[in-house]
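Asker: I need the structure of the sequence given here:
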Amino acid sequence: MNREQSSPSSYHIPVMLQEAVEALAIRPDGIYVDCTLGGAGHTKAILSRLSPKGKLVAFDQDADAAKNLPEDARIIFVPHNFKHLSRFLKLHGIDCVDGVLADLGVSSHQFDEGSRGFSIRFEGPLDMRMDQRRELTAAEVVQTYSEQALQEMFSRYGEVTNAKTLAKHLVASRMASPIQTIGQLKAVLSSVVKGNPNKYLAQVFQALRIEVNDELGALKELLEQLPSVLCKHGRVAFITFHSLEDRLVKQFLRAGTWEQENENPFAIGAKEKVFQLVHKKPIEPKQEELKNNPRSRSAKLRVAERL
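Answerer: Numbering: from 1, shown residues only. Predicted coordinates:
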């Protein structure tokens, strides 16, 4: 199939579609946000539950996603990263919203398009930019970061167990020959792979992708804006795909802040609670979905309501 002509359904299969949309407890006349338009699966499901008075603000920093935008007067499309949520809501005269849905991670389209450089399955440039307007590519990270910076990145974002060895090997290899493509990187990594090769490569690629797109920084910024952008009793639903994302979401939805709890027994006044968790434990995909969409296997859905 020519990926350029792919339909929204093949562009990206939305994970836990029904569960996520139902979790938002949609009010027909409400205003909702889809933080990642992608193939517009979640967007269309939300729109189907809105009345003519309802509104949906859809974000996506990837220019490829724009062609999946449904023709619907109720949609406001923002071709930028969701970390700019508050700014664009103000720009469109929206004081608060009734729900925010964030399906994090990489779309199927990004994984399946070899030229984007996200997948170990294809040859292509080491790019990995979700937003092609950004300057930093994965090749630039591999070519220019110091050994210490590479070690910290692979350890923190990829949880690579031999990050020190890997960083040292990369720096030595790039001095001999530039590392600009997926094939070149895989060839360099072949001598330091530890354990399952596919799993190891996936961890390395995840670390590079998170660094290039500042994924955790953007997620933190989004979370910090939720208390001020959500209306009272508005809901937020996050679909995460790895422990680093999930840890941030879990921590913020429980505490409503990054600040540590004050353990001083003499401190005056309890901290006001910001969110109420709708489910104590995250929702995970059902067996049927796991069978139909293997990429959903690591997904977790966390839902909270603004108090």
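Asker: what sits against the nearest residue to S298 once chain neighbours are set aside?
Answerer: Nearest residue to S298, sequence neighbours excluded (Cβ to Cβ, 6 or more residues apart in numbering): F241, at 5.1 Å. Every C-beta, even on glycine, is put in place using the N, C-alpha and C of the backbone. Shown in contact with F241 (Cβ atoms under 8 Å, 6 or more residues apart in numbering): 104-105, 298-300.
Asker: Kindly provide the distance from F241 to A149.
Answerer: Here the criterion is Cβ to Cβ, to the nearest Å. By it, F241 lies 24 Å from A149.
Asker: try L56
Answerer: On the measure of Cβ to Cβ, L56 and A149 end up 40 Å apart.
Asker: Which one's more surrounded, these two?
Answerer: Neighbours per residue (other Cβ atoms under 10 Å) separate L56 from A149, with L56 holding more: 25 against 13.
Asker: if I pick H233, what's in contact with it?
Answerer: Contacts of H233 by Cβ under 8 Å, 6+ apart are 305-307.
Asker: So which residues of the stretch 51-200 of the chain form helices?
Answerer: Taking DSSP state H, counting those that start in this stretch as the criterion, the stretch 51-200 of the chain carries its helices at 85-91, 108-112, 138-144, 147-158, 163-176, 182-189, 197-213.
Asker: Quick one, which of those helices gets closest to R235.
Answerer: Evaluated over the helices of the stretch 51-200 of the chain, closeness to R235 peaks at helix 85-91, with 15.1 Å, by Cβ to Cβ.
Asker: what helix or strand does Q251 sit in?
Answerer: Using DSSP states H and E, Q251 sits within helix 243-255.
Asker: which parts of the lengthiest strand in the chain are buried?
Answerer: When the chain is parsed with DSSP state E, its longest strand is strand 230-240. Buried residues in strand 230-240, counted by 16 or more other Cβ atoms under 10 Å: 230, 234-240.
Asker: JSON lines please, covering those residues and showing distance to L248.
Answerer: Compiled in JSON lines, those are given as follows (distance: Cβ to Cβ, whole Å):
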{"residue": "L230", "distance to L248": "17"}
{"residue": "G234", "distance to L248": "20"}
{"residue": "R235", "distance to L248": "18"}
{"residue": "V236", "distance to L248": "13"}
{"residue": "A237", "distance to L248": "15"}
{"residue": "F238", "distance to L248": "9"}
{"residue": "I239", "distance to L248": "13"}
{"residue": "T240", "distance to L248": "8"}
